[in-house]
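J.: A predicted structure for the sequence below; I have some questions about it.
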Amino acid sequence: MNGLPPFETHQVANQPPAFEPRDLWRDDAALREAVRREGSATFEPRLAVYGALAGDELYRIGFDANRDRPRLRTHDRFGHRIDTVEFHPAYHRLMEAAKTHGVAGLSWHEPEPGAHVARAALSYLHHQADAGTSCPLTMTHAAVPVLRREPSLAAWADQAAAPLYDPRDLPLADKGGITLGMGMTEKQGGSDVRANTTTATPAGEGYRLIGHKWFFSAPMCDGFLVLAQAPGGLTCLLMPRRLPDGERNRFALMRLKDKLGDWSNASSEVEFRDALAWRVGEEGRGVATIIEMVMLTRLDCMLGSAAEMRMALAQALHHARHRRTFGKRLVDHPLMANVLADLAIESEAATTFALRVAGGGDRAPREGGEAAFARIATAVGKYWICKRTPAFVNEAQECLGGAGYVEESILPRLYRQAPLNSIWEGSGNVQCLDVLRALAREPETRVALRAELESASGRTPAFDAFATRLIAEVEGAGIGEAGARAVTERLARALQAAALLRAGSPMADVFVRQRLAPGHEWAFGSLSGNEDAGVILARALPG
């Protein structure tokens with residue numbers, strides 16, 4: 001009767017269409033508004049091109065890059081040591097697209113006002129298609145200002161910033177564009193890098209490294225910033241993969257890390273066997289030298305987590321608009337609409353705040369107050385946005401039910417990825433201790449926080465009352481270490497609210513009511529019943 005042969009039991013029905021192609025720039029009102037507000041309007045045409053690319057080709061091949069994981073080949077078939085990592089071709093295409101469009105270098109090869117914000121937006125768009133490649137892209141971008149401090153390493157900085165991807169394993173002189181990795185963490189110390197035991201012994205114009213790194217990121221990069229103990233103390237050094245004469249440097253990749261997520265990217269363990277490296281900064285000033293790089297990579301942790309929220313929200317909302325349950329679309333059920341609206345509010349707050357911090361970093365060289373704001377807001381935002389992402393992605397999975405738990409969906413990949421940014425570049429406790437350190441030792445950060453919160457005052461009494469109490473707490477007698485997480489969370493929520501209020505976002509008032517008011521619920525989907533979910537969801541993702 002339905003035209004099916006007797007052994008066919010069903011027709012495929014009530015399924016959403018494919019998510020892609022989607023224009024990740026056009027669909028994201030909060031991102032577009034933030035880019036303009038933070039002074040990057042001239043870069044909009046470029047962002048529009050990349051948003052369309054990321055939501056179509058890059059989104060599709062991201063599945064291939066994660067399905068076929070990198071493989072380590074320590075030796076060739078003749079027994080020669082080669083220490084090569086092989087990738088699926090999709091990985092190289094993702095890297096090529098990102099490098100060419102400026103994800104790793106726009107800030108540096110076009111250094112004009114707004115370039116840092118535009119680069120942040122590019123990173124946010126790229127991360128939604130594939131998070132793994134964001135790792136070497138972020139490290140390459142963040143290493144440039146550190147290397148520029150050493151005139152002898154200017155060529156390394158210039159080629160890292162260049163909009164060219166060249167995956168060939170060749171020395172610097174034979175390449176036009178390079179990527180850079182990092183080797184900081186050792187198994188006995190972890191975040192306590194001063195406990196590192198790798199040694200750097202002066203030898204001619206460089207140093208010789210002997211030791212290990214428990215986490216050596218993106219081992220096919222052309223060079224790596226590492227920390228080692230030189231005669232003058234812990235020192236930052238640049239270690240090339242290939243020596244200037246073309247020979248392979250003296251290090252051995254021991255194994256690739258079997259990670260929870262981040263599958264498209266290779267991370268490794270390494271042993272340095274008298275490897276050549278060049279000093280970056282003064283001996284004994286390794287942490288101080290590397291801190292500028294760490295600030296930039298922490299910003300990208302915020303951006304990456306905000307991007308994961310955004311993609312998870314878009315997936316959930318796309319599904320709910322096309323799936324029918326109990327006689328109507330899933331999105332039309334009030335409880336589901338409440339969940340989706342709550343996710344949309346959280347996502348917009350994360351995006352708006354992350355771009356606000358990027359704007360502060362962009363203006364920092366010209367405005368001292370912005371430099372102080374970016375310094376502390378990076379740690380605050382890195383803590384809170386990254387902390388919220390795993391619960392957010394899991395809630396989005398629930399919106400799809402079982403379909404959100406199988407690998408045909410991007411959501412399992414996002415869920416595996418979600419905890420990474422809260423761990424990488426300093427876990428939550430490290431960020432909170434950094435906040436306490438800044439408040440105690442850098443009074444300009446307290447001034448910047450007060451100015452930021454007061455700039456949003458007068459719009460809603462609930463925010464004003466919360467901000468007044470928080471300012472008094474921050475400027476009070478001192479916050480103990482045990483209370484660091486609580487005050488950092490309150491700062492994060494207040495700064496998100498301030499960013500939304502200053503932006504005139506339609507989400508601002510509901511965010512203040514739901515995130516700052518006492519006695520609110522924390523599970524997503526617990527908005528008070530009088531919020532207009534339809535308006536919120538129409539803004540979150542065009543139908």
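T.: Structure received.
J.: for the strand of greatest length in the chain, what is the average pLDDT?
T.: For the chain, the strand with the greatest residue count under DSSP state E is strand 267-280. In this model, strand 267-280 has an average pLDDT of 97.
J.: That one pairs with which strands, parallel or anti?
T.: strand 206-217 (antiparallel), strand 233-240 (antiparallel), strand 251-256 (antiparallel) (DSSP bridges).
J.: To H127, which of these lies closest?
T.: H127 lies closest to strand 206-217 among those, at 16.0 Å (Cβ to Cβ). (Each C-beta comes from the backbone N, C-alpha and C, glycine too.)
J.: could you pull out the strands for this protein?
T.: Counting by DSSP E, the strands of the chain are 71-75, 81-86, 180-185, 199-203, 206-217, 223-230, 233-240, 251-256, 267-280, 324-325, 328-329.
J.: The fifth one to strand 199-203, inter-axis angle?
T.: Strand 206-217 and strand 199-203 meet at an angle of 150 degrees, taking axes from the mean of the first three to the mean of the last three Cα atoms, to 10 degrees as the criterion.
J.: list the buried ones in the longest strand of the chain?
T.: For strand 267-280, a neighbour-count test (16 or more other Cβ atoms under 10 Å) marks 267-272, 275-280 as buried.
J.: Hey, what's the angle from it to strand 180-185? Just curious.
T.: 100 degrees.
J.: can you give me how far strand 267-280 is from the chain middle?
T.: Its chain's average C-alpha position is 25 Å from that of strand 267-280, according to Cα atoms, centre = their mean, to the nearest Å.
J.: again, but for stretch 10-20
T.: Worked out by Cα atoms, centre = their mean, stretch 10-20 lies 32 Å from the chain centre.
J.: May I have the distance across it, first residue to last?
T.: End-to-end span of stretch 10-20 (Cα to Cα, to the nearest Å): 26 Å.
J.: Go ahead and name everything in contact with that stretch.
T.: Identification of contacts with stretch 10-20 by Cβ atoms under 8 Å, 6 or more residues apart in numbering yields 2, 4, 55-56, 59-60, 314-315, 318-319, 321-324, 410.
J.: now the residues you listed: which count as buried?
T.: So, by 16+ other Cβ under 10 Å, the buried ones in those are 55-56, 59, 314-315, 318-319, 321, 323, 410.
J.: what's the farthest-apart pair in those residues?
T.: D56 and R323 (22.9 Å).
J.: Name the nearest residue to W108, sequence neighbours excluded.
T.: A161 (3.7 Å; Cβ to Cβ, 6 or more residues apart in numbering).
J.: Check T197 too.
T.: G211 (5.8 Å).
J.: Likewise for W263?
T.: N66 (4.5 Å).
J.: Run a quick neighbour tally on the one you found.
T.: 25 (other Cβ atoms under 10 Å).
J.: dump the residue contacts of it.
T.: N66 neighbours (Cβ under 8 Å, 6+ apart): 130, 132, 263-264, 413.
J.: From Q514, how far off is M336?
T.: 17 Å (Cβ to Cβ, to the nearest Å).
J.: Quick check: the closest residue to E475 other than its chain neighbours vs T74, distance?
T.: With sequence-adjacent residues excluded and distances taken as Cβ to Cβ, 6+ apart, E475 is closest to R446, at 5.7 Å. Look at R446 and T74: by Cβ to Cβ, they are 52 Å apart.
J.: Please report the confidence value the model assigns to the nearest residue to E33 once chain neighbours are set aside.
T.: Leaving aside its sequence neighbours, E33 sits nearest to A503 (Cβ to Cβ, 6+ apart; 6.5 Å). Looking at A503, its pLDDT reads 97.
J.: surely A503 meets T352?
T.: Yes - counting by Cβ atoms under 8 Å, T352 is a contact partner of A503 at 5.8 Å.
J.: who's more crowded, those two?
T.: A direct count of neighbours by other Cβ under 10 Å for A503 and T352 places T352 higher, at 27 against 21.
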